[in-house]
Structures are given as C-alpha cells and as structure tokens.
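Peer 1: I need the structure of the sequence given here:
(one chain, ligands or ions: 2)
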Amino acid sequence: MYGVGDTDSERTAFRKAEKSYKLYYQNNTKKKKQPRPVDLTNVLDFKSILQSFNASGQLPPGVSLATAPQFDLPVFNLDKHPGFYFIPQALSVTEQCHWIRESLTSFPQPPNRTNHNAVYGPIHDLFVAAKERKVLVEKQNCLQGLLPDNDPSPTDLAYRWESSQEPSGTSKESTCKSIPASTLLRKLRWSTLGLQFDWSKRNYNVGLPHNKIPDLLSQLAKKMAAPSMSLGEEFQPEAAIVNYFGAGDMLGGHLDDMEVDWSKPIVSVSLGCKAIFLLGGKSREDEPVAMFLRSGDIVLMAGEARECFHGVPRIFTDKENAEITSLEQQLSNEEDLCYLDYINSSRININIRQVF
Ligand SMILES: O=C(O)CCC(=O)C(=O)O
Ligand SMILES: [Fe+2]
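Peer 2: Ligands and ions are numbered 1, 2, ... in the order given. Predicted structure coming up:
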C-alpha cells in the first residue's frame, strides 16, 4: 500500500512532485548540511484561504465551499477532486494536545499493534519508558532464571523495561540485547486501533485481538465525517491508523483500497509539525495537487477521492515552518514537556476508517 516507486514509477507525475518537495540536504560552503530550498508557491494554503474567505467571502479558482448542513465550521472542496473535503483548524489547541497525548501514550498500547510488534512483540508503556530513560532488555534465553517469581508477565513478553542505571550484575545479563526506549520512540512509525490491519497480507485481520475505537475518537470522527455522508447516514469508525513522522520521514504515494465501501470517508487528522500533502488522481501519471496540512486540520477522502493516489512527501520541523507556536505554549507546563519535546520535531496523523 505504501511503497514508494520502482523504476517505472520514478518517472510518474506523482513521483516527480514527491521528489520536488522531499527533504534533501545540501552542503553549503562551511560544509554544514542545509535543507535544500523548496519552491512552495504552488502549495495550496487553506489557512490563508480560510482567512480571506472569512474576511471577504472570496475563494480562489478551483476551491468551493462544501454544503454541510448543521456543521459549524467552513468546509472546502476541490472542484477537480470530488469527494475530497478540507476542514481547516477543525480542532482547538486543547483538543490537539489531547490527541497528541493519546497518540503517544494510549494508542500504541497492546492489543493495538505498532511497527515494533514484528521485532519485539507487544511493547507496553513505550512513551513513559522513554521519559524514564528505560531500556528494553531481551528476556528469553538471556534473563530466564533471573526473573523474580512475581514477574507480572513472564510468558507473553520476550523483552522488558529496565532502568538504564541498573548495574549489569552477572555476565549472563551483560550479554543481553538492550535498546533505549527513546530510540524505539523515535522509530515508532505507526500504531493501529480498532480492527487490526495486517500489513504483510494487506488486509484487516478480524481474528487479531483488538479494542473498539475509543469512544471520544469515534465521536470526533462521526462528527467530522458528516459533510461527506449522505443525509441520514452516520459514519461507523471501525479502524484507525496512527502515523508518526520525524524530520525527513515521508509517506509514499498510495491508495487506501482495503476497505469494503469506498463511499465512506477516511477521516484524517493532522497534529504537530506542518506537512505537505499530495492529492493525485486515479493514476500515478496524474499531476497531484499539493497542499499544507497543519496541526488541527482535518481532511476527508470519500467517493472518487478514495480512489486517488495521495501521500506526504515532507514535514517541516524547523521553527519558521513547523507552525506549532500555540501547541508549544499549551504544552509548556512541567508535565507536558515530554510531549512538547516529541512534537517539536514530529507530526502525527490519525486516520479513521469504516471497514465494512
Ligand atoms: O499522514 C497523512 O496525512 C496521510 C496518511 C495516509 O494517507 C494513510 O495513513 O493512509
Ligand atoms: Fe492514505
């Protein structure tokens, strides 16, 4: 689903656009790596579109106001992409902070799976462990026989958290593989909520243990999906993918085609650093439109837009372009500094789907 190009796709319009926005470094004269400057003049900016719409009722060519009865925020459509909806600043800063905390603490908790499952099995409390500078230590073959009798989960975990200050003790322990939680947090790429997506088989595996989509997230998705739903129908959130992006990360052009009913939207929430989103056509040969996604923006992809290639070639983690000042202010109290530290250089995307 998420592969970026083989040699053929290197030449497509979508791939060209990805390359033009992707973060590349260049050496300047003092041999310091600098991000290559990128031309952003063709990137649609719904923040300024909203501002001028609010001031004068004017919209740029190709953008129109969606009909969204009983919806209390302006929602925009793109004339060339039926089924695509943009809701700028859909979430307040307080709501954004809430979903950032949830995305880092509760969403990656088992039975939800993450990209780390394949290597380490289920990992509990990753964010707290990173905050407490813990290390993940291989337990089997290595610590067996050294575990206390009251170990809470001796059978289902091959790894466990340990304080990094713990003296290594016996020679048996010192040969254990150990990985700092902070490294694992930095390498967290996705977690899945609700019905679990099996990336190797490219389908939803309803047999995997899972929890329902959390109520508050479900309510949010139902409310935000409304502009793209037929009258009298309600969106049923059954699965969600949470994507975590660091500087230089990108999400290659792809289609989300594993859900049964494509008339239902994907509700996609952006948090943290600003990104560029590319929305293409049904073929990679179609020229994509580029737009900024900022913290608090929500997009809906329904109907025809569900069949369109899309991706995220760039996130901006530098102060000038990240546009997270209000998040920084709200997360500047002592208990939130750990979240601030993460989101300062990261973007989180939560996309919620109705599968059946
Ligand atoms: O990060 C985004 O804004 C898009 C995510 C996405 O397309 C996906 O997870 O399928
Ligand atoms: Fe997608």
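Peer 1: Before we move on, what's the pLDDT of the nearest residue to F127 once chain neighbours are set aside?
Peer 2: Leaving out its chain neighbours, the residue that sits closest to F127 by C-beta to C-beta, 6 or more residues apart in numbering is L104, at 4.5 Å. The way it works is simple: take the backbone N, C-alpha and C, and place the C-beta from them, glycine included. pLDDT recorded at L104 is 98.
Peer 1: Kindly report the same for Q96.
Peer 2: Per-residue confidence (pLDDT) for Q96: 98.
Peer 1: list the contacts for it?
Peer 2: Contacts here follow C-beta atoms under 8 Å, 6 or more residues apart in numbering; on that basis Q96 touches L271, S295, G296, L327.
Peer 1: now V289
Peer 2: V289 sits next to L44, L78, K80, H81, L278, L279, G280 when contact means C-beta under 8 Å, 6+ apart.
Peer 1: so who does the fifth one touch?
Peer 2: When contacts are counted by C-beta under 8 Å, 6+ apart, L278 is found next to 14, 17-18, 21, 253, 288-290, 309-313.
Peer 1: Phi and psi next, for it.
Peer 2: Phi and psi for L278, reported as degrees, to the nearest 10, are phi -110, psi 130.
Peer 1: how many other residues sit next to the residue nearest to it when sequence neighbours are not counted?
Peer 2: Closest residue to L278 apart from its sequence neighbours, by C-beta to C-beta, 6+ apart: P288 at 4.1 Å. Neighbour count for P288, taken as other C-beta atoms under 10 Å: 25.
Peer 1: just Y204 next, same as before
Peer 2: When neighbours are counted by other C-beta under 10 Å, Y204 registers 22.
Peer 1: pLDDT value on V137, please?
Peer 2: V137 is assigned 94 on the pLDDT scale.
Peer 1: of all of the protein, which residue lies closest to ligand 1?
Peer 2: Nearest residue of the chain to ligand 1 (C-beta to the nearest ligand atom) works out as N349 at 3.2 Å.
Peer 1: Can you get me a residue count around that residue?
Peer 2: With neighbours defined by other C-beta under 10 Å, the count for N349 comes to 23.
Peer 1: try I315
Peer 2: With other C-beta under 10 Å as criterion, I315 counts 26.
Peer 1: ok so, going back, just the contacts of Q96 now: which is nearest T183?
Peer 2: L271 (22.2 Å; C-beta to C-beta).
Peer 1: Helix, strand, or coil at the closest one?
Peer 2: strand (DSSP: H, G, I helix; E, B strand; the rest coil).
Peer 1: correct me, but it touches H98?
Peer 2: No. Under the criterion of C-beta atoms under 8 Å, L271 is not in contact with H98, lying 9.8 Å apart.
Peer 1: Specify which residue of these two has the higher count of neighbours.
Peer 2: Shown here are L271 and H98; by other C-beta under 10 Å, L271 has more neighbours (28 against 15).
Peer 1: any idea how far A129 is from V135?
Peer 2: 8 Å (C-beta to C-beta, to the nearest Å).
Peer 1: Could you do N321 as well?
Peer 2: According to C-beta to C-beta, N321 stands 31 Å off from A129.
Peer 1: More neighbours: these two, which one.
Peer 2: Shown here are N321 and A129; by other C-beta under 10 Å, A129 has more neighbours (22 against 16).
Peer 1: who's in contact with the helix or strand where the more buried one lies?
Peer 2: According to DSSP states H and E, A129 maps onto helix 126-131. Contacts with helix 126-131, where a contact means C-beta under 8 Å, 6+ apart, come from 104-105, 108, 114, 116, 136, 161, 180-182, 184-185, 188, 338.
Peer 1: circling back: mind listing the residues bridging to the residue of the chain closest to ligand 1?
Peer 2: Counting by DSSP bridges, N349 forms beta bridges with N243, S270.
Peer 1: Make residue 1 into 54 and carry on from there
Peer 2: Shifting the count to begin at 54 puts that one at N402.
Peer 1: can I assume it is in contact with I319?
Peer 2: No. Judged on C-beta under 8 Å, N402 makes no contact with I319 at a distance of 10.7 Å.
Peer 1: ok but L353 is inside a helix, no?
Peer 2: No. Counting by three-state DSSP, L353 is not part of a helix but strand.
Peer 1: Give me the distance between it and K86.
Peer 2: For L353, the distance to K86 (C-beta to C-beta) stands at 38 Å.
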